[in-house]
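# from the sequence below, what's the structure:
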Amino acid sequence: MTVVLYPGSFDPVHNGHLEIVEIAAKLFDRVVVAAMRNPQKGEPLFSLDEREDMLRECFAHLDNVSVTMFSSLVVDLAQEVEADFIVKGLRAVSDFESELQMAQMNNAISGVHTLFIPSASSRSFLASKLIRDIARFGGDIDSFVPEPVAKRINAKYRSQ
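Numbers count the residues shown, from 1 in each chain. Below is the predicted model:
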């Protein structure tokens, strides 16, 4: 059985993330989606608990996908969930540069390899930060995120 780990901040999860997980779920026996608090990305819009709920809703249709939260090194979580590989999505060449460096470091300290899955060009522009910015100023984000996520984002900004 091949297990892969798909780590990220997922703040919020968007259709590009959904695409990567759906592809991974077809390719591998088990996919573990893991959300973390990334201090490099500033203050999160959603708590880890809120992100966990959204991820579970978004991937409920995939029997071989599970969700977890973590606050350790990705490679430590990979070992804990017995992942054979780490999976990362790529939108553009700029993603590759930073993801390649992380992949090489993860491999150097743990031996775990990273596999890259390119997103479809129709989703390559999606980024959680851009979605948060559009929503913050009242823009329509419904076509960029799964429906349960859109509802939560819109509610979050209406209450602020």
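
# ok, Pro7 - contacts?
34-36, 70, 74, 77, 86, 88 (Cβ atoms under 8 Å, 6 or more residues apart in numbering). Bear in mind the C-beta positions are built from the backbone N, C-alpha and C, glycine included.

# how about 7 Å then?
34, 36, 74, 86 (Cβ atoms under 7 Å, 6 or more residues apart in numbering).

# surely the second one touches Phe10?
No: counting by Cβ atoms under 7 Å, Met36 stays clear of Phe10, with 8.6 Å between them.

# mind checking which of the two has more residues around it?
Phe10 (26 against 19; other Cβ atoms under 10 Å).

# distance check, that one against Val93.
In this structure, Phe10 and Val93 are 23 Å apart, going by Cβ to Cβ, to the nearest Å.

# one more: Gly139?
Counting by Cβ to Cβ - Gly139 and Val93 are separated by 27 Å.

# so the two - more neighbours on which side?
Neighbours were counted for Gly139 and for Val93 using other Cβ under 10 Å; Gly139 has more, 12 against 7.

# ok, the more buried one - contacts?
Contact analysis of Gly139 by Cβ under 7 Å, 6+ apart lists nothing.

# quick one, longest helix in the protein?
helix 93-110 (DSSP state H).

# tilt between the next helix or strand after it and helix 93-110?
Of the helices and strands lying after helix 93-110 in sequence (DSSP states H and E), the nearest is strand 113-118. Strand 113-118 and helix 93-110 are oriented at 160 degrees to each other (axes from the mean of the first three to the mean of the last three Cα atoms, to 10 degrees).
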